[in-house]
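Novice: task: produce atomic coordinates for the following.
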Amino acid sequence: MEWVLKQFNQLSLDELYGIVQLRLEVFVVEQNCPYQDLDGKDQSAYHLFLKDNDVIVAALRVLPENVAYDETAIGRLIVKEVYRGQKIAKAMMEKAIEFITDDLGKDKIRLSGQAYLTDFYIGLGFKKVSEEYLEDGIKHYEFLYEA
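Specialist: Coordinates of the predicted model:
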């Protein structure tokens, strides 16, 4: 398996298709949550993903400051169902945090995370900084990481 980090305009058509396909597979079909995935933010993002041969099995996006929040943000964290339980999401988040703090030189990261993943985000050094709210009918919190 191979980790890849690219800006939007560096993605091949197959990589973009694979990322969108995975997001729809999990967020829309598996979680039964129709929502507007293509929100106009991908073009500003760095995309971190894991390929197993030519199949994208995990992905997230890193959004620059002032695109989703005042701070740099992580969003659309996703792992293909058959690859879960292998700590891929943790490894991917650690890579994203390292990229944001070391390469981009940012010391704050904000994200909107599903409530059931609270312990996961706290274990990565994030703090819950909001009350629970519904996003697309799913319970969420905002989390903030400060290096």
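Novice: the strands in the chain, which residues?
Specialist: 2-7, 46-52, 55-63, 72-79, 108-114, 126-128, 133-135, 138-146 (DSSP state E).
Novice: would CSV of these with mean pLDDT be doable?
Specialist: Compiled in CSV, those are given as follows (pLDDT from 0 to 100):
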stretch, mean pLDDT
strand 2-7, 97
strand 46-52, 97
strand 55-63, 97
strand 72-79, 96
strand 108-114, 96
strand 126-128, 98
strand 133-135, 91
strand 138-146, 96
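Novice: quick one, which of those is nearest to V26?
Specialist: With C-beta to C-beta as the measure, strand 72-79 is the member of those nearest V26 (5.2 Å). All C-beta atoms are positioned from the backbone trio N, CA, C, and that covers glycine.
Novice: then that closest one to CSV, C-alphas only?
Specialist: As requested, the backbone C-alpha atoms of strand 72-79 are provided in CSV (Å, rounded to 0.1, in the frame of the first residue of the first chain):
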residue,chain,number,x,y,z
THR,A,72,-6.3,24.9,8.7
ALA,A,73,-8.9,22.1,8.7
ILE,A,74,-9.0,18.3,8.1
GLY,A,75,-12.2,16.9,6.6
ARG,A,76,-13.7,14.0,4.7
LEU,A,77,-11.8,11.4,6.7
ILE,A,78,-12.8,8.0,5.3
VAL,A,79,-11.6,4.4,5.2
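Novice: okay, now the sheet partners of that strand, with direction.
Specialist: Using DSSP bridges, the neighbouring strands of strand 72-79 in the sheet come out as strand 55-63 (antiparallel), strand 108-114 (parallel).
Novice: A73 pairs with what?
Specialist: Applying DSSP bridges to A73 yields these beta-bridge partners: L63, R110.
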